[in-house]
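Chemist: got a predicted structure here, sequence first:
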Amino acid sequence: MAEGDGYIYNNFKEQVMEGEFNLASGGDALNLALASAYTPDIDAHIAWPPATLVEEAGAGYVAGGEVLAGQDVTQDDANDRGVFDATDVTWTGLDVGTPSHAVLYDEGHASDLLICYWELGTTPSNGGDYTLQFHANGIITLT
């Protein structure tokens, strides 16, 4: 896996089709959490926190992660796709070592359902701002 690769949990795919999620602004409360160690399993992991995840702890980090802001769902007719996006997430004064993964989950759902995760790689936090910048095409794009 290359640094920055992202994956969608299979349970999320099913639950979207069953109407369990409202990703638009004013919809579900979504959180983005950082892990210091994680062995992802997109087939078996369903709810936060996954059994193989060790959540970060330290300066600039709140347990459970940051609340996602600026959630938006749009229809892109020019490219024939649906797009879910949000504001990039920044942890201010983060000093927790080198996070291995970022995990997005629905904190507003009774079961804290997992949505997707990214492998972060080798960028250490050093007490400064630490930003997860989403792709220009959005967080999730359905084509």
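Modeler: Thanks, I have it.
Chemist: could you measure from Met17 over to Gly65?
Modeler: 26 Å (C-beta to C-beta, to the nearest Å). For glycine as for every other residue, the C-beta is placed from the backbone atoms N, C-alpha and C.
Chemist: quick one: which of the two has more around it?
Modeler: More neighbours surround Gly65 than the other of Met17 and Gly65, with 23 against 9 (other C-beta atoms under 10 Å).
Chemist: I'd say Ala35 and Pro99 touch.
Modeler: Yes - using C-beta atoms under 8 Å, Ala35 makes contact with Pro99 at a distance of 6.4 Å.
Chemist: contact partners for the most centrally placed residue in the chain?
Modeler: Nearest residue to the geometric centre of the chain (C-alpha atoms, centre = their mean): Leu104, 2.4 Å. Residues in contact with Leu104 (C-beta atoms under 8 Å, 6 or more residues apart in numbering) are Leu30, Asn31, Leu32, Leu68, Leu114, Ile115, Cys116, Tyr117, Ile139.
Chemist: now it: which helix or strand?
Modeler: Leu104 belongs to strand 101-106 when assigned by DSSP states H and E.
Chemist: note down every partner strand of the helix or strand just after that strand and its orientation.
Modeler: Downstream of strand 101-106, the next assigned helix or strand under DSSP H and E is strand 114-119. According to DSSP bridges, strand 114-119 forms sheet pairs with strand 6-8 (antiparallel), strand 101-106 (antiparallel).
Chemist: the helix or strand that strand 114-119 is followed by: how far from the chain's middle?
Modeler: Where DSSP H and E defines the elements, the next helix or strand beyond strand 114-119 is strand 130-132. Centre-to-centre, strand 130-132 and its host chain are 12 Å apart (C-alpha atoms, centre = their mean, to the nearest Å).
Chemist: can you list the buried residues in strand 130-132?
Modeler: For strand 130-132, the neighbour count (16 or more other C-beta atoms under 10 Å) marks Tyr130, Leu132 as buried.
Chemist: next one: stretch 116-135
Modeler: Cys116, Tyr117, Trp118, Glu119, Leu120, Ser125, Tyr130, Leu132, Phe134.
Chemist: residues in contact with the first one?
Modeler: Looking back up the chat, that one is Cys116. With contacts defined as C-beta under 8 Å, 6+ apart, Cys116 is in contact with Gly6, Tyr7, Ile8, Tyr9, Phe12, Val103, Leu104, Ile139, Ile140.
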